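Visitor: Using only what follows, build the 3D model:
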Amino acid sequence: MSAANNRETILQIVETAQPFQVTLAERALIRELLTIVDSVGGTTAVSKRALLAAAFDLIVAAEYYRSVGHIGWVYCPEPAPALYYPYTNICPRCGLDNQFHFHAANKPGSGIIGRRTSRLLAHFLSELFTSKGLNVAVLKGSEPIDIIFVDQATTPVTVMFAEIKAAPLLTLPLHVASQSLIIDTDNETQAASHRVTDFSYLFGTQMNLFVPTYNAQSGSWHDKTFPIGIRQDVHDTEWAYRGLTKLLIEDPTFFTAYAEFWAASLQAYGQRSQESVYWLTNACGHPSPRPDSWPARRTGSGYETVSDGKTSVGMDRTDDIKKAIYQVIKLGSDGKPVEDLKFLVGVVSNIHAVRHFEDYLASLKDIIWTRSTSAQVRIASDLAPDTVLYNLFDGIIAITQTFSRDEWINKVFDF
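Guide: Below is the predicted model:
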């Protein structure tokens with residue numbers, strides 16, 4: 001299409017796009033987290049970008065906690081008896097010591113994760129822009145566009161179409177204290193070991209967040225818990241949003257402890273460290289060493305993982321990277337050239353491709369392209385002098401790290 005027609009098409013898409021839906025409880029948590037990040041910045045070794053990405057994971061966690069139920073808890077007898085609601089396939093407390101007791105994770109399906117994280121990331125970015133004094137509209141696109149950014153303050157107006165690929169690094173397990181469970185065997189009482197357990201008193205009971213903390217003296221991670229609140233009944237789905245907001249306000253030590261754990265976990269994930277907190281991250285793979293009691297896969301061959309590659313964090317899943325590359329090529333080729341409009345394309349995430357950037361994106365990030373009906377073009381001088389060149393990726397954007405070939409993206413996504 002012509003540059004004029006492309007402009008008309010882009011503006012029609014923008015005019016029909018709708019805002020992402022957000023609840024009051026979701027907005028309150030996002031704003032409180034942004035306030036905390038501003039206050040914590042400079043008082044910890046964790047970078048501001050990592051603080052923001054850790055904050056986003058807490059929002060996703062609150063969303064996951066909507067569906068916490070009576071079934072799916074694991075009993076751990078030591079050091080103090082407790083029940084855990086884990087999001088990787090192990091007892092989280094024992095995982096800190098590289099001990100592997102299998103328990104099926106409570107994570108949502110990948111389709112649900114994508115929809116929820118996309119919506120929450122859009123709101124998180126919108127509130128982040130507002131906190132920076134920017135008036136950038138964030139709208140929900142329709143296939144093949146996931147998200148639209150519109151900045152009316154620039155001349156010409158800036159419009160960015162992007163693909164969202166987002167998933168959390170980790171989700172904090174839930175914790176409740178427990179009595180020591182015992183078993184009566186042939187009239188002898190024995191202490192129970194790890195086991196799947198129902199938590200029949202879920203409603204009305206104080207639940208806690210399991211947050212590992214590092215002890216520099218011992219050089220190891222230890223368990224610590226923070227109260228997140230009470231789910232009143234089956235209809236109380238925003239209990240964790242309220243609870244986290246209250247915790248952030250009342251206990252200033254919580255977010256710093258959590259953010260330091262999160263940053264260490266991101267480093268462990270990138271290095272595939274196979275030690276301690278690594279086993280609480282998504283896509284951490286098989287236990288190492290695998291205990292004799294570790295179960296075979298329920299379907300297919302081989303053994304269960306602690307967390308498989310389908311749950312890779314941010315934009316780090318290889319299938320997602322491949323799809324994002326195609327979508328960006330499609331969006332760019334459909335929308336460019338365009339007149340009287342600054343039109344950009346890219347991919348947006350919470351966490352950059354930590355493990356797979358070099359293999360999948362490094363060779364593509366600086367590619368530029370143009371259109372030519374000639375099959376004889378070999379070098380730039382074969383093109384007309386006024387031929388316009390376009391970026392393949394105007395931006396590969398994540399809260400943790402951004403690669404950009406555009407000044408507007410550099411400014412707006414400078415966290």
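Visitor: Can you give me the distance of Ala61 to Val277?
Guide: 16 Å (C-beta to C-beta, to the nearest Å). Quick note: C-beta positions are derived from backbone N, CA and C, even for glycine.
Visitor: Also Val328?
Guide: 33 Å.
Visitor: And for Tyr87?
Guide: With C-beta to C-beta as the criterion, Tyr87 and Val277 are 13 Å apart.
Visitor: Pro291 too?
Guide: For Pro291, the distance to Val277 - C-beta to C-beta - is 19 Å.
Visitor: More neighbours: those two, which one.
Guide: Using other C-beta atoms under 10 Å, the more surrounded residue of Pro291 and Val277 is Val277, with 23 against 10.
Visitor: which ones are touching the more buried one?
Guide: Leu96, Pro212, Trp221, Phe261, Ala264, Ser265, Ala268 (C-beta atoms under 8 Å, 6 or more residues apart in numbering).
Visitor: Leu96 is in contact with the second one, correct?
Guide: The one in question is Pro212. Yes - Pro212 is within contact range of Leu96, at 5.7 Å (criterion: C-beta atoms under 8 Å).
Visitor: more crowded one of the two?
Guide: Legend: neighbour count by other C-beta under 10 Å for Pro212 and Leu96, higher for Pro212 (24 against 21).
Visitor: re the thing from before, could you dump the contacts of Val277 to TSV with pLDDT, distance to Lys132 and secondary structure?
Guide: Shown next, in TSV, are the contacts of Val277 (pLDDT from 0 to 100; distance: C-beta to C-beta, whole Å; DSSP: H, G, I helix; E, B strand; the rest coil):
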residue	pLDDT	distance to Lys132	secondary structure
Leu96	96	37	coil
Pro212	97	32	coil
Trp221	96	34	strand
Phe261	98	27	helix
Ala264	97	28	helix
Ser265	98	27	helix
Ala268	97	31	helix
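Visitor: just curious, which of these is nearest to Gln190?
Guide: Leu96 (25.5 Å; C-beta to C-beta).
Visitor: In this structure that closest one contacts Asp223, no?
Guide: Yes - at 6.7 Å, Leu96 counts as touching Asp223 under the criterion of C-beta under 8 Å.
Visitor: For the stretch 51-200 of the chain, give me the ranges with low pLDDT.
Guide: 110 (pLDDT under 70).
Visitor: can you map out the helices along it?
Guide: 92-95, 110-131 (DSSP state H, counting those that start in this stretch).
Visitor: cool, the stretch 251-400 of the chain as well?
Guide: Counting by DSSP H, counting those that start in this stretch, the helices of the stretch 251-400 of the chain are 252-271, 318-335, 357-360.
Visitor: Among those helices, which comes closest to Asn5?
Guide: The nearest among the helices of the stretch 251-400 of the chain, by C-beta to C-beta, is helix 318-335 at 10.5 Å.
Visitor: Now do the buried residues in the closest one.
Guide: Asp320, Ile321, Ala324, Ile325, Gln327, Val328, Ile329, Leu331, Gly332, Gly335 (16 or more other C-beta atoms under 10 Å).
Visitor: Same check on stretch 221-235?
Guide: Trp221, Asp223, Lys224, Thr225, Phe226, Pro227, Ile228, Gly229, Arg231.
Visitor: what's the answer for stretch 93-113, then?
Guide: Under the neighbour-count criterion of 16+ other C-beta under 10 Å, stretch 93-113 has 93-96, 100-103, 105-108, 113 buried.
Visitor: ok, so of the residues you listed, who is nearest Val46?
Guide: Using C-beta to C-beta, those come closest to Val46 at Leu96, 19.7 Å.
Visitor: need the contact list for the closest one.
Guide: So Leu96 contacts Pro212, Ser220, Trp221, His222, Asp223, Ser276, Val277, Trp279 (C-beta under 8 Å, 6+ apart).
Visitor: quick one: which of these is nearest to Ala4?
Guide: Set against Ala4, the nearest of the contacts of Leu96 by C-beta to C-beta is Val277 (54.7 Å).
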